[in-house]
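J.: with the input below, show me the fold.
(one chain, ligands or ions: 1)
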Amino acid sequence: MGMGKITAAITGVQGYLPEYVLTNEELSTMVDTNDEWITSRTGVKERHIMKNGASSDMASEAVKGLLKKTNTNPEDVDLVIVGTVTADHPFPSTSNILCDKTGMKNAWGFDLNAACSGFIYSLATASQFIETGKYKKVIVVGVDMMSSIIDYEDRTTCVIFGDGAGAVMLEPNEEGMGVQDFILRSDGSGVNFWVQPAGGSLNPPTIETVEKRQHFVKQEGKQVFKFAVTNMAGVSAEIMEKNNLSSDDVDWLVPHQANLRIIDATANRMGLPKEKVMINIQKYGNTTAGTLPLCLWDYENQLKKGDNLILSAFGGGFTWGAVYLKWAYDPK
Ligand code: UT7
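T.: Now for the predicted structure:
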């Protein structure tokens, strides 16, 4: 081993979208909405829906592809962190089930609950196990099956969300590639602006909680929007300043895909032109913890070794933050 500091580099990325595509047209037959409203207010055209199975099944597909692509023996993986708010069960963890389904017999792991910030919280956490020299292969998954907690009678939430999974491999790097810095924040006073009210210890499931539709996501869209614009743009600008990055130095913004207008506000604040912003919200909607790895997967062939990426997210709860990383490989 050389003398260089060990950094945690992404060495592969793979996504998975379930087959079924729910279009704005079909949604218009389910609730009082239309393609024009959804497109202009959110940027979403269609989203994928998991008809059979659970979050661990989507995650398994992404991970199997990732293992193959990176030529990794599943038994060599040390740790698996799964960002999700739609675990298969309250317990055991989705990570545990995922490891069994994919043959990662020597790995341990856990689920990390941070809503739309699930992937950046998980990536920052995972990077520490690599930087210390403790582990050689860590997988970070962002997965959500939002269709399992969305009320398809509530037009203010059902048009935004979709299902999907993405996974990255993290490995030690001694050329300075990979995670450079992160800023992570939370504010639990935002609990009621984006919440699944029932099913936990505060409001265990009862016939009444079901009748009141309290097992579905309740969102104060306007409030979340305001906080998201301020904080996602703010933390993205902050991580640039902290690392002395000008807008010319940043090659890509990898933003959480919640609303095209939040993405635009963030890019503007960072002084980035559209060409440097990863966008796939039109195809997948908001897949919560899935959005960032799905962006990396879609844009993988355009990324070059040494590119400076800023990943940023804002989510319910509230949770938000940004990760600055250097991409570690050229298109294969
Ligand atoms: O990632 C998790 C965190 N979530 C977010 O980041 C979401 C942040 N919030 C948003 O993206 C936006 O607030 C929404 C997309 C949820 C809503 O957009 P908005 O521009 O804030 O709309 P609004 O709530 O102010 O509603 C405007 C109008 C209302 O009608 P009136 O009162 O003006 O007559 C709504 O009832 O649009 C109506 N409306 C709809 N119309 C057609 C709300 N939803 C729909 C709909 N189709 N689906």
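
J.: now the strands: where do they sit in the stretch 51-200 of the chain?
T.: 79-83, 108-112, 138-145, 163-173, 178-186, 194-195 (DSSP state E, counting those that start in this stretch).

J.: put the alpha carbons of the second one into CSV.
T.: Spelled out, that is strand 108-112. Below are the C-alpha coordinates for strand 108-112, written out as CSV (Å, rounded to 0.1, in the frame of the first residue of the first chain):
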residue,chain,number,x,y,z
TRP,A,108,-23.5,-6.8,7.3
GLY,A,109,-25.5,-3.7,6.9
PHE,A,110,-28.4,-1.4,7.9
ASP,A,111,-31.1,0.8,6.6
LEU,A,112,-30.7,4.5,6.8
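
J.: adjacent strands (with direction) for it?
T.: When sheet partners are counted by DSSP bridges, strand 108-112 sits next to strand 79-83 (parallel).

J.: going along the chain, name the helices of the stretch 1-150 of the chain.
T.: For the stretch 1-150 of the chain, helices defined by DSSP state H, counting those that start in this stretch occupy the ranges 24-30, 35-42, 55-69, 94-102, 118-131.

J.: hmm, the helix ranked longest in the chain touching the ligand?
T.: As assigned by DSSP state H, the longest helix anywhere in the chain is helix 221-242. Yes: on the criterion CB under 6 Å from any ligand atom, helix 221-242 is in touch with the ligand at Gly221, Lys222, Val224, Phe225, Ala228. Where C-beta positions appear, they are placed from N, C-alpha and C, glycine not excepted.

J.: mind listing what the residue nearest to the last one when sequence neighbours are not counted touches?
T.: Read that as Ala228. Distance criterion CB to CB, 6 or more residues apart in numbering; nearest residue to Ala228, sequence neighbours excluded, is Phe314 at 4.1 Å. Contacts here follow CB atoms under 8 Å, 6 or more residues apart in numbering; on that basis Phe314 touches Cys116, Ser117, Phe227, Ala228, Asn231, Met232, His256, Ala258, Ile262, Trp320.

J.: where does Phe314 fall, secondary structure wise?
T.: Per DSSP states H and E: Phe314 is located in strand 308-315.

J.: Gly221: neighbour count?
T.: 15 (other CB atoms under 10 Å).

J.: my read: it touches Thr156, true?
T.: Yes: using CB atoms under 8 Å, Gly221 is in contact with Thr156, at 5.5 Å.

J.: ok, the closest residue to the ligand within the stretch 1-150 of the chain - contacts?
T.: Per CB to the nearest ligand atom, Thr33 is where the stretch 1-150 of the chain lies closest to the ligand, at 3.3 Å. Contacts were defined as CB under 8 Å, 6+ apart; by that measure Thr33 touches Asn24, Leu27, Arg155, Val159.

J.: and the chain, which residues reach the ligand?
T.: 33, 37-38, 41-42, 116, 155-156, 159-160, 194, 219, 221-222, 224-225, 228, 258-259, 286, 315-316.

J.: buried subset of those as a PyMOL selection?
T.: To isolate the buried members of the residues of the chain next to the ligand in PyMOL, using 16 or more other CB atoms under 10 Å:
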select buried, resi 33+38+41+42+116+155+159+160+194+219+224+225+228+258+259+286+315+316
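
J.: contacting residues for the closest residue to Lys304 other than its chain neighbours?
T.: Among residues not flanking Lys304 along the chain, Asp330 sits closest, at 5.4 Å (CB to CB, 6+ apart). Contact analysis of Asp330 by CB under 8 Å, 6+ apart lists Leu303, Lys304, Lys305.

J.: my read: the second one touches Trp327, true?
T.: Yes: applying CB under 8 Å, one finds Lys304 in contact with Trp327, separated by 6.7 Å.

J.: between the two, which one's more packed in?
T.: Between Lys304 and Trp327, counting by other CB under 10 Å, Trp327 is the more crowded of the two (21 against 10).

J.: can I get the residues of helix 221-242 next to the ligand in CSV with pLDDT and distance to Ile97?
T.: Putting these into CSV (pLDDT from 0 to 100; distance: CB to CB, whole Å) gives the following:
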residue, pLDDT, distance to Ile97
Gly221, 94, 32
Lys222, 94, 37
Val224, 95, 30
Phe225, 95, 34
Ala228, 95, 31
